[in-house]
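K.L.:
Need a 3D model of the sequence below.
(one chain, ligands or ions: 1)
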Amino acid sequence: MKPDILGNILISCQLIVSKKNKMKNFSVIHISSLPLFRYVTTISAVATCMITNAKAQITETKKPNIVIILADDLGYGDVGCYNPESKVPTPNLDRLARQGMRFTDAHSPSTVSTPSRYSLLTGQMAFRINYAGTFPGGMGGPCLIKENQLTLPQMLRNQGYATAMTGKWHVGLTFLDKEGKRITAGGIEGVKMIDYTRAIPDAPIHRGFDRFFGTACCPGTDFLYAFIDGDRIPVPPTGMLDKTNLPKHPYAYDNRDGMISPDYDLEELDMVFLKKSQEFLEDHIKKHPDKPFFLFHSTSAVHLPSFASRQFKGTTKAGPHGDFIFEFDYVVGELMKTLEKLGVASNTLFIITSDNGPETTTVVNMRRDYGHDGARPWRGMKRDNWEGGHRIPFIVVWPGKVAPGSTSDQTICLTDIIATCADITGAELPDDSAEDSFSILPVLLGKDNGQPVRPYTLHQTISLALGIRKGNWKYLDHKGSGGNNYSKGELVPFALPEMEPNAPGQLYDLDHDPGEKINLYFKYPEVVRELKGLLEDSRLKGRSSPNAH
Ligand SMILES: [Ca+2]
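P.N.:
Numbers count the residues shown, from 1 in each chain. Presented below is the predicted three-dimensional model:
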């Protein structure tokens, strides 16, 4: 990579950031002759200074409670405050965006569930453990997080927090058979082998959470339809799932055959999860009013099958999936109401986001039937490495700290949550943790000086196709989507012509081509070389964030 090329790119990034943030006193440094390391050093020094100041400000006051609500497959365009043409009402999300900060360039670490969740909880991109997107066997195990690996909840627990999780885990669990051996058989066969008298050795309560109530995989999808409480299944499955009375509609896919417990109602899952999280909050505030808490609420909504709770059926004009999104919005609102009722909302950092882009079936059907586009305005959907696969809603409310009604166009990733929470609570992150995490605390506190928080951002798909983003440039180190097949089935109408069929990768200028239609691979080979080099360098180093956060 030639320094002058890098310099030009960086300057153009700065100008763009500067322009978007309407910074009046921003002066562009002429760095065209600076080598990369000096530029990175400059950024690091500025960032360190920002972080130190931010940390000092936070530790002077009581540590805030932290609540993260993670939706499943909720698209950028599914939320009203991100899509003025949305056909689904999201009054709570819209209101919370007005009360806090809305990020317009936030990304899930992967384009599917498991690696995104792994990365959110650890701050490490899942490709670093060679993890693509699906478990090879069993009910989704063993856990991808190693026993001694630092997790977001463990880090907060070390800082004096009570930690609780409700809902979908999907980071892998080990189930044991009658002889105490790990079950490797998949599907129903594996479920039938489970010895329910045995604990789950790598349950969330053995990875940093004090409490857990939820499911191993997707609550409405995966073979084992039973609730886990702590590291046990108190009400084991007794028979096969009977689908006779379940809704039948175009969004009822993905509801696999499986074994079900008598207390498991596929149409009321998020109402159960809501109640459990509310119980945790009420119980915690009653017993430990001075101890900060971290709640990770991971919903079943809006992953297929779209079985909205009975109270939400038919409540929107956007069909069953619209009802499901509306239910998610309700859950968000109720959790905020509970915090307010308990008198702790004023000292709570509240984050609402999603694990990847919207599912193909929902996008295709809703575009056709309701004029609603969950991927709007991006190209691609869940699984794809185009923006629709990983650009996600990300809303932060933090009274007295985050300016109401603010927006940020900083490029951020869900891996950033752990470094941000470490910053907030004064925790040090060891060098063997949070490898791809950058604190966004200065941005949250309105101390964004226009410099990018991240030198670059990594993307990965279900096929382990990789990509890298830096400023306006996005390089995909592969041909095509990296996920869905657009040459057959329902996605054919959405296939775009490849402008450079001979290019082994894709280069897009998101500022001028947000729809990723014009592949500039051959036009800017020096940019391709730089980004490919950064990607390779990051892979070899095993991290993208600097050591010693
Ligand atoms: Ca998902």
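K.L.:
can we go C-alpha only for contacts and neighbour counts from here?
P.N.:
Will do.
K.L.:
Packing partners of the helix or strand encompassing L274?
P.N.:
Using DSSP states H and E, L274 sits in helix 269-287. Applying 3 or more C-alpha pairs under 8 Å, 6 or more residues apart in numbering; DSSP states H and E, we find helix 269-287 packed against strand 162-168, strand 211-215, strand 293-298, helix 319-341.
K.L.:
Does the third one pack against any helices or strands, and if so which?
P.N.:
With contacts taken as 3+ C-alpha pairs under 8 Å, 6+ apart, strand 293-298 sits against strand 65-71, strand 162-168, helix 269-287.
K.L.:
Check which residues of the last one are buried.
P.N.:
Of the residues in helix 269-287, those scored as buried under the neighbour-count criterion (16 or more other C-alpha atoms under 10 Å) are 269-274, 276-278, 280-282, 284-285.
K.L.:
how much space between the residue nearest in space to the middle of the chain and G239?
P.N.:
Centroid check for the chain by C-alpha atoms, centre = their mean gives D355 as the closest residue, at 3.4 Å. As judged by C-alpha to C-alpha, to the nearest Å, D355 and G239 stand 31 Å apart.
K.L.:
do the same with Q278
P.N.:
Taking C-alpha to C-alpha, one finds Q278 at 30 Å from G239.
K.L.:
swap in F307?
P.N.:
21 Å.
K.L.:
I69 too?
P.N.:
Looking at I69 against G239, where the rule is C-alpha to C-alpha, the gap reads 32 Å.
K.L.:
the more surrounded of the two?
P.N.:
I69 (21 against 12; other C-alpha atoms under 10 Å).
K.L.:
re earlier: between the helices and strands packed on strand 293-298, which gets nearest to E490?
P.N.:
strand 65-71 (24.6 Å; C-alpha to C-alpha).
K.L.:
wouldn't T163 be in contact with F294 here?
P.N.:
Yes: counting by C-alpha atoms under 8 Å, T163 does reach F294; the two are 4.7 Å apart.
K.L.:
which residues do these two both contact?
P.N.:
P153, L156 (C-alpha atoms under 8 Å, 6 or more residues apart in numbering).
K.L.:
mind showing which ranges of this protein have poor pLDDT?
P.N.:
1-61, 135-140, 548-549 (pLDDT under 70).
K.L.:
Next to the ion, which bits of it? Give me the list.
P.N.:
Counting by C-alpha under 5 Å from the ion, the residues of the chain close to the ion are D72, D73, S113.
K.L.:
list the contacts for the spatially closest residue to T122 that is not a sequence neighbour?
P.N.:
Using C-alpha to C-alpha, 6 or more residues apart in numbering and skipping the chain neighbours, the partner closest in space to T122 is T151 (4.8 Å). Residues in contact with T151, defined by C-alpha under 8 Å, 6+ apart, are L121, T122, G123, R207, G208, I418.
K.L.:
ditto for A308
P.N.:
E267, E268, P320, H321, D323, F324, E327.
K.L.:
wait, is it part of a helix?
P.N.:
No: the assignment for A308, made by DSSP: H, G, I helix; E, B strand; the rest coil, is coil rather than a helix.
K.L.:
Is L74 part of a helix or strand, or is it coil?
P.N.:
coil.
K.L.:
Phi first, then psi, for it.
P.N.:
Dihedral angles of L74 (phi, psi; degrees, to the nearest 10) stand at phi -80, psi 120.
K.L.:
Next, count neighbours for it.
P.N.:
For L74, using other C-alpha under 10 Å, the count is 26.
K.L.:
Then G489?
P.N.:
Neighbour tally, G489, other C-alpha under 10 Å: 8.
K.L.:
how close does it sit to A465?
P.N.:
Distance from G489 to A465, by C-alpha to C-alpha: 22 Å.
K.L.:
quick one: the helices in the stretch 351-500 of the chain?
P.N.:
In the stretch 351-500 of the chain, the segments counted as helices under DSSP state H, counting those that start in this stretch are 360-370, 387-390, 416-425, 441-444.
K.L.:
Thought Y225 was touching P237, still the case?
P.N.:
Yes: P237 is in contact with Y225 according to C-alpha under 8 Å; the separation is 7.1 Å.
K.L.:
of the two, who's got more company?
P.N.:
Remark: of P237 and Y225, Y225 carries more neighbours, 29 against 22, as counted by other C-alpha under 10 Å.
K.L.:
what pairs with the more buried one across the strands?
P.N.:
In this structure, Y225 bridges to I260 when assessed by DSSP bridges.
K.L.:
residues touching it, list them.
P.N.:
Contacts of Y225 (C-alpha under 8 Å, 6+ apart): T215, P219, P237, G258, M259, I260, S261, Y264.
K.L.:
Tell me how many other residues crowd the residue lying closest to the third one once chain neighbours are set aside.
P.N.:
Distances taken as C-alpha to C-alpha, 6+ apart put S261 closest to P237, at 3.6 Å, once the chain neighbours are dropped. A count of nearby residues for S261, using other C-alpha under 10 Å, gives 19.
K.L.:
for S261, what are its contacts?
P.N.:
Counted by C-alpha under 8 Å, 6+ apart, S261 has contacts Y225, A226, V235, P236, P237, T238, G239.
K.L.:
That one and the ion, how far apart?
P.N.:
Distance of S261 to the ion, given as C-alpha to the ion, to the nearest Å: 24 Å.
K.L.:
and what of C143?
P.N.:
17 Å.
K.L.:
My understanding was that that residue contacts W169; is that so?
P.N.:
No: using C-alpha under 8 Å, C143 is not in contact with W169, being 10.0 Å away.
K.L.:
These two: who's more crowded?
P.N.:
In this view C143 and W169 are compared by other C-alpha under 10 Å, and W169 has more residues nearby, 26 against 19.
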